[in-house]
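Peer 1: need a 3D model of the sequence below.
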Amino acid sequence: MKTTLIRELIAAEHSSRQMRKVVKLSIVDQVSFDELVKVFTDKDPELARRAAWSLGHAGEEKPEFVKPHLQRILKILEVPNQHPAIYRNAFRIIQNIPMHESIKARVFDLSLQYIVNAEYPGAIRAFAMSAAFNAGENYPELRNELAEVLLTLRPEESPAVKNRAGKILKKLNR
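Peer 2: Below is the predicted model:
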């Protein structure tokens with residue numbers, strides 16, 4: 001059965017080759033993608049961490065498959081002390097998907113929490129910036145708030161944070 005194969009592939013090996021296999025298998029249909037999300041939300045932190053990489057890429061390729069899982073993914077962002085891969089790939093997915101109006105404020109607030117916390121790696125914070133922009137793009141007050149946050153980032157931020165902040169600020173100033 002294809003769905004147990006996804007779990008087996010993730011458990012067997014953690015490599016870019018294996019990640020690509022899992023992505024290819026999981027984007028065939030919604031059921032397969034659902035299985036990947038199931039592994040991502042697994043109680044086993046190692047399996048969840050490994051699945052995060054595949055899910056991040058699969059979600060980019062098939063954003064329409066993410067929609068039924070968006071609430072679960074947002075809940076994961078609210079859980080402290082997880083492996084950075086979990087947060088990074090959750091934001092990787094969220095940064096580009098169309099969002100229902102009802103969750104935009106939640107996505108925006110969660111994103112800001114990660115952006116301002118310098119303890120998170122730069123990639124997480126960079127993806128969170130794009131997610132915040134995506135959520136607040138059509139709301140002038142949220143655009144202004146995001147711009148204020150980005151302008152207060154420290155000069156010693158990582159290149160990923162500085163680069164993404166610059167790109168988002170340019171978009172906000174249009």
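Peer 1: apart from its neighbours in sequence, what residue is nearest Asn117?
Peer 2: Distances taken as CB to CB, 6 or more residues apart in numbering place Arg125 nearest to Asn117, at 7.7 Å, with adjacent residues excluded. Every residue, glycine included, has its C-beta placed from N, CA and C.
Peer 1: show me how far the strand or helix carrying that neighbour is from its chain's centre.
Peer 2: According to DSSP states H and E, Arg125 maps onto helix 122-136. Helix 122-136 has its C-alpha centroid displaced from the chain centroid by 8 Å (CA atoms, centre = their mean, to the nearest Å).
Peer 1: same check on stretch 49-60?
Peer 2: Distance, stretch centre to chain centre, for stretch 49-60: 9 Å (CA atoms, centre = their mean).
Peer 1: separation between Ala48 and Glu157?
Peer 2: For Ala48, the distance to Glu157 equals 28 Å [CB to CB, to the nearest Å].
Peer 1: what about these two, which has more around it?
Peer 2: Ala48 (20 against 16; other CB atoms under 10 Å).
Peer 1: now that one. Nearest residue, chain neighbours left out?
Peer 2: Ala48 sits nearest to Asp42 (CB to CB, 6+ apart), 4.9 Å away.
Peer 1: contact partners for the residue lying closest to Leu169 once chain neighbours are set aside?
Peer 2: Ranked by CB to CB, 6+ apart and with sequence neighbours excluded, the top spatial neighbour of Leu169 is Leu150, at 5.5 Å. By CB atoms under 8 Å, 6 or more residues apart in numbering, Leu150 lies in contact with 115, 129, 165, 168-169, 172.
Peer 1: so is Leu150 in a helix, a strand, or just coil?
Peer 2: Three-state call for Leu150 (DSSP: H, G, I helix; E, B strand; the rest coil): helix.
Peer 1: can you check Gln82 too?
Peer 2: Applying three-state DSSP: Gln82 is coil.
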